[in-house]
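Colleague: Quick one: sequence plus predicted model below, questions after.
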Amino acid sequence: MRSKPTQQIDELINVMRISLELALPVNYRVADVLAFHGRDSEQVSERCVSMYSEYQTQSGQALSSTLEKAILWDGFPACLSIQFGAQAAAAILDLDLPARQSIKSNQATQWRGGLQNIVVRMLGLNQDIAVFRKQYAHHPNIGELIQQRPSLRVPLSANPFEALCWAVTGQQISVSAAVSIRRRFIQQLGTLHSSGLRCHPSPSQVVACDIEELRTTGLSKSKAQTLILLAQAIDTGQLLLPKAAAKLMDHASAEVLRGQLLAIKGIGPWTVNYVLLRGFAYLDGSLHGDVAVRRSLQILLGQEVKVTERGAEQWLAQFSPWRALVAAHLWAMQADQVY
């Protein structure tokens with residue numbers, strides 16, 4: 001007698017939203033995340049909202065804050081919402097999918113894991129700043145900086161390609177100019193979500209453009225060429241970006257990616273180190289080529305003459321494997337800018 005087939009564990013379920021809660025470390029700096037993702041005041045791709053009570057309006061502390069970010073999820077536009085409570089003890093994560101999805105239960109589990117990985121990276125929760133703080137809290141130069149911001153972490157872009165595009169866009173121009181170009185870039189190429197936010201373009205969407213179309217966003221001809229070359233290399237598999245996992249990128253992987261990126265015309269050391277930091281949380285890239293880092297270093301050291309790239313490189317070398325995190329502390333000295 002033939003036995004009845006057993007019920008499959010991975011039965012189909014309908015999903016419109018994925019939600020989970022993520023614990024945050026003590027004294028987590030929500031404001032840093034909101035400042036980084038809220039650079040564009042027109043909120044084309046990200047929306048930062050803070051709610052206040054009457055008392056908290058006077059004290060300056062928000063009742064709650066929410067970051068909404070449009071992202072491509074399996075090729076479809078989705079909206080990621082990260083809500084922080086007043087005490088920042090936890091973050092409530094919601095991923096609003098474009099429509100009801102019929103998926104297997106194990107795939108839903110994978111999606112929750114993927115969502116958690118993305119947010120852990122974006123919030124810098126995988127950065128072991130306690131080790132860094134213990135080692136350098138009493139350093140004669142940066143000790144005071146660390147004591148002023150002991151829980152400083154580096155917020156990350158939602159995905160490495162977005163970090164790449166921002167780094168190329170921002171080469172040798174002001175932050176405000178880069179924000180304006182990025183806004184037009186997303187408006188022109190990005191996919192619209194029902195929330196009104198647009199997803200950052202994917203490599204395939206950039207490949208579909210020509211140089212003149214990209215130049216209408218304000219990009220120079222050379223930067224437009226570089227973005228197309230990058231997108232083509234990723235789209236064809238010639239450039240294999242490591243999957244953005246919750247763990248930090250190791251030195252060996254960083255060096256492999258560094259060599260691949262430097263082989264692309266228009267990509268230099270500063271761009272690579274910035275992308276390694278904002279795209280992959282690699283904390284040992286030397287950002288000595290960054291003008292803002294050198295400007296803050298000049299102030300920190302009390303020098304009358306400008307710090308050269310070579311001088312900044314030599315000074316940062318003592319902090320390996322934390323050179324990029326030191327650079328982030330130097331950026332934080334200029335509170336009116338978010339790099």
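Modeller: It's in.
Colleague: Domains in the chain, by residue range?
Modeller: The record, using automatic domain parsing to delimit domains, assigns the chain the ranges 16-127, 128-151+283-339.
Colleague: Which one of the ones you listed has the poorest average confidence?
Modeller: With a mean of 85, domain 16-127 has the lowest mean pLDDT of these.
Colleague: How far away from the center of its chain is that domain?
Modeller: Using C-alpha atoms, centre = their mean, to the nearest Å, the mean C-alpha position of domain 16-127 is found 13 Å from that of the whole chain.
Colleague: how about the domains of the chain in JSON lines, adding mean neighbour count and distance to residue 276?
Modeller: Quick note: C-beta positions are derived from backbone N, CA and C, even for glycine. Formatted as JSON lines, the entries for these read as follows, by neighbours: other C-beta atoms under 10 Å; distance: least, C-beta to C-beta, whole Å:
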{"stretch": "domain 16-127", "mean neighbour count": "17", "distance to residue 276": "13"}
{"stretch": "domain 128-151+283-339", "mean neighbour count": "17", "distance to residue 276": "5"}
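Colleague: now those domains as TSV including distance to residue 223?
Modeller: What follows is these, written out as TSV (distance: least, C-beta to C-beta, whole Å):
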stretch	distance to residue 223
domain 16-127	18
domain 128-151+283-339	17
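Colleague: right, and the ones you listed - which one's nearest residue 210?
Modeller: Taking C-beta to C-beta as the criterion, residue 210 comes closest to domain 16-127 out of the domains of the chain, the separation being 21.8 Å.
Colleague: Could you say which one of the domains of the chain comes nearest to residue 160?
Modeller: Ranking the domains of the chain by proximity to residue 160 (C-beta to C-beta) places domain 16-127 first, at 9.7 Å.
Colleague: Output the below-cut-off pLDDT ranges for the stretch 151-300 of the chain.
Modeller: Per-residue confidence for the stretch 151-300 of the chain (pLDDT under 70) gives these ranges: 243-247.
Colleague: residues in contact with residue 222?
Modeller: residue 266 (C-beta atoms under 8 Å, 6 or more residues apart in numbering).
Colleague: quick one: buried residues of the helix or strand containing it?
Modeller: Secondary structure assignment for residue 222, by DSSP states H and E: helix 221-236. By neighbour count, and taking 16 or more other C-beta atoms under 10 Å as the criterion, the buried residues in helix 221-236 are 223-235.
Colleague: a markdown table please, covering those and showing distance to residue 140.
Modeller: Converted to a markdown table, the buried residues of helix 221-236 look like this (distance: C-beta to C-beta, whole Å):
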| residue | distance to residue 140 |
| --- | --- |
| 223 | 40 |
| 224 | 45 |
| 225 | 45 |
| 226 | 40 |
| 227 | 42 |
| 228 | 47 |
| 229 | 44 |
| 230 | 41 |
| 231 | 45 |
| 232 | 48 |
| 233 | 44 |
| 234 | 43 |
| 235 | 49 |
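Colleague: nearest to residue 305, of those residues?
Modeller: Out of the buried residues of helix 221-236, the member with the shortest distance to residue 305 (by C-beta to C-beta) is residue 223, at 31.1 Å.
Colleague: For residue 204, give me its contacts.
Modeller: Residue 204 is in contact with 231, 235, counting by C-beta under 8 Å, 6+ apart.
Colleague: Now do it against residue 228, distance only.
Modeller: Look at residue 204 and residue 228: by C-beta to C-beta, to the nearest Å, they are 12 Å apart.
Colleague: The residue nearest the centre of the chain in helix, strand or coil?
Modeller: Centroid-nearest residue in the chain, with C-alpha atoms, centre = their mean: residue 157, separated by 1.6 Å. On the three-state scheme (DSSP: H, G, I helix; E, B strand; the rest coil), residue 157 is labelled coil.
Colleague: Which residues are in contact with the residue nearest to it when sequence neighbours are not counted?
Modeller: Leaving aside its sequence neighbours, residue 157 sits nearest to residue 163 (C-beta to C-beta, 6 or more residues apart in numbering; 4.0 Å). For residue 163, the contact set (C-beta under 8 Å, 6+ apart) comprises 156, 157, 274, 275, 278, 279.
Colleague: number of nearby residues for the fourth one?
Modeller: In other words, residue 275. Neighbour count of residue 275, defined by other C-beta atoms under 10 Å: 27.
Colleague: what's the strand or helix carrying it packed up against?
Modeller: Remark: residue 275 resides in helix 269-280, with elements defined by DSSP H and E. In this structure, helix 269-280 makes packing contacts with helix 160-169, helix 251-262, helix 323-332, judged by 3 or more C-beta pairs under 8 Å, 6 or more residues apart in numbering; DSSP states H and E.
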